[in-house]
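S.K.: no sequence on this one, just coordinates:
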């Protein structure tokens, strides 16, 4: 069974500083995908970044980067130059192997509430 | 805007009732996923449809059912509602034809059972 663990229920960061949100995962499958989603107080889920298990380089999307350490089974999200609008709940998620015809549902962690302070 | 639409945005109903939640995926996406987000259970996968056929089931109660229509929109039917069914229900869609398969979520339907 797959499991995602986010051990930080809440985090605070000063505006313009960088912050790292932790995510560890557990799976026995050699092929998997890792995702980060942002959920602002308005409730919608916003896709941020993706890392494949075979990707050689850490994923980056603008101010978001993923610190992928496969041996440690961790996929931490790094947000650089935090902005007030980054205040939200952040979820780490894992997708089951992408075999042809198989289901690809996401398994989510419990989330980290990030608050950016002015 | 993810391109996924869900209606209604809010729904308040009484125990024992039945409701239908509607979802339209992004243009071109064949897969629709339903998730439930509650305070005690977190975000849980309920069911997936791909091009009209059920692909996978997660923690979906027998009182719940879903279908995907030829135009690819999907409906989630919740019956014999209980207080514990109060939650935010998300629909998500993805392409599924290779690639990372990221899922794009709709705005959700907040269901309150009284």
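M.R.: Yes, it's here. All values reported here derive from a predicted model rather than from experimental measurement. Numbering: from 1, shown residues only, chains lettered A, B, ... in the order given.
S.K.: which positions in chain B make contact with chain A?
M.R.: Neighbours of chain A within chain B, by CB under 8 Å from any CB of the partner chain: B:2, B:31, B:33, B:35, B:42-45, B:48, B:55-56, B:58, B:88, B:90, B:92, B:94, B:96, B:100-108, B:110. Where you see a C-beta, it was placed from the backbone N, CA and C, and this is true even at glycine.
S.K.: now, which of those lie within strands?
M.R.: If you go by DSSP state E, the residues of chain B next to chain A have B:31, B:33, B:35, B:42-45, B:48, B:55-56, B:88, B:90, B:92, B:94, B:104-105, B:110 in strands.
S.K.: ok, how many other residues are close to the nearest residue to residue A:88 once chain neighbours are set aside?
M.R.: Counting by CB to CB, 6 or more residues apart in numbering or on different chains, residue A:88 lies nearest to residue A:40, which is 4.4 Å off, once chain neighbours are set aside. When neighbours are counted by other CB atoms under 10 Å in any protein chain shown, residue A:40 registers 13.
S.K.: quick one: contacts for residue A:40?
M.R.: Applying CB atoms under 8 Å, 6 or more residues apart in numbering or on different chains, one finds that residue A:40 lies in contact with A:46, A:87, A:88, A:89.
S.K.: quick check: phi and psi at the second one.
M.R.: Spelled out, that is residue A:87. Here is the backbone geometry of residue A:87 (degrees, to the nearest 10): phi -60, psi 120.
S.K.: closest one to residue B:7 out of the contacts of residue A:40, please.
M.R.: residue A:46 (19.7 Å; CB to CB).
S.K.: leaving out the residues flanking it, which one is nearest to that closest one?
M.R.: Leaving aside its sequence neighbours, residue A:46 sits nearest to residue A:38 (CB to CB, 6+ apart; 4.5 Å).
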